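1. How does the following fold in three dimensions:
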Amino acid sequence: MDAAARRVLESAEFSRLIRRRWTVSLVLTACLFLLYYGFILLVGLNKPFLATRIGEVVTLGIPLGMAVIVGAWMLTALYVLWANRRWDADARALRDRVER
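-> Numbers count the residues shown, from 1 in each chain. As a prediction, the model looks like this:
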């Protein structure tokens, strides 16, 4: 490993950057678990609620299931936006600072 890479890996800024990425990842993962497993628990524990009709044919379970899928997409989009706007810029700035 070259000296520049070693300086990056041993820097306090790198540790903070990794810690921030883990924090964001774990928070979004927890949100996704709550979304998915909350719906699964609802299916298992309260079927009459999900069977409530909100139209002639549609029950409440259909839009809630779709909301789970859309919610997962939104959490993914949130992570991508954060990574593109913050993570990449911070990682690039750290690399530039250490390589000087």
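2. Mind exporting the C-alpha coordinates of stretch 29-46 to CSV?
-> What follows is stretch 29-46 as a C-alpha-only set of coordinates in CSV (Å, rounded to 0.1, in the frame of the first residue of the first chain):
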residue,chain,number,x,y,z
THR,A,29,-32.1,-0.1,6.8
ALA,A,30,-34.1,0.2,10.0
CYS,A,31,-36.7,2.3,8.2
LEU,A,32,-36.9,-0.3,5.5
PHE,A,33,-37.3,-3.1,8.0
LEU,A,34,-40.0,-1.2,9.8
LEU,A,35,-41.8,-0.7,6.5
TYR,A,36,-41.6,-4.3,5.3
TYR,A,37,-42.1,-6.1,8.6
GLY,A,38,-44.7,-3.7,9.8
PHE,A,39,-46.7,-4.6,6.7
ILE,A,40,-46.1,-8.3,7.2
LEU,A,41,-47.2,-8.1,10.8
LEU,A,42,-50.3,-6.2,9.7
VAL,A,43,-51.0,-9.0,7.2
GLY,A,44,-50.5,-11.6,9.9
LEU,A,45,-52.2,-9.9,12.8
ASN,A,46,-55.0,-7.8,11.3
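3. okay, now residue 93: neighbour count?
-> Residue 93: 12 surrounding residues under other C-beta atoms under 10 Å. Using the backbone N, CA and C atoms, a C-beta is placed for each residue, glycine as well.
4. Repeat that for the one 3 residues further on.
-> One way to gauge burial is a neighbour count; for residue 96, by other C-beta under 10 Å, it gives 9.
5. Likewise for residue 56?
-> For residue 56, using other C-beta under 10 Å, the count is 5.
6. What of residue 22?
-> Neighbourhood size, residue 22 [other C-beta under 10 Å]: 10.
7. And it, which helix or strand is it part of?
-> According to DSSP states H and E, residue 22 maps onto helix 12-45.
8. Show me what that helix is packed up against.
-> The elements that helix 12-45 packs onto, with contact taken as 3 or more C-beta pairs under 8 Å, 6 or more residues apart in numbering; DSSP states H and E, are helix 47-50, helix 61-82, helix 88-99.
9. Can you lay out the ones you listed as a markdown table showing distance to residue 26?
-> Conversion of the helices and strands packed on helix 12-45 to a markdown table gives the following (distance: least, C-beta to C-beta, whole Å):
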| stretch | distance to residue 26 |
| --- | --- |
| helix 47-50 | 29 |
| helix 61-82 | 11 |
| helix 88-99 | 18 |
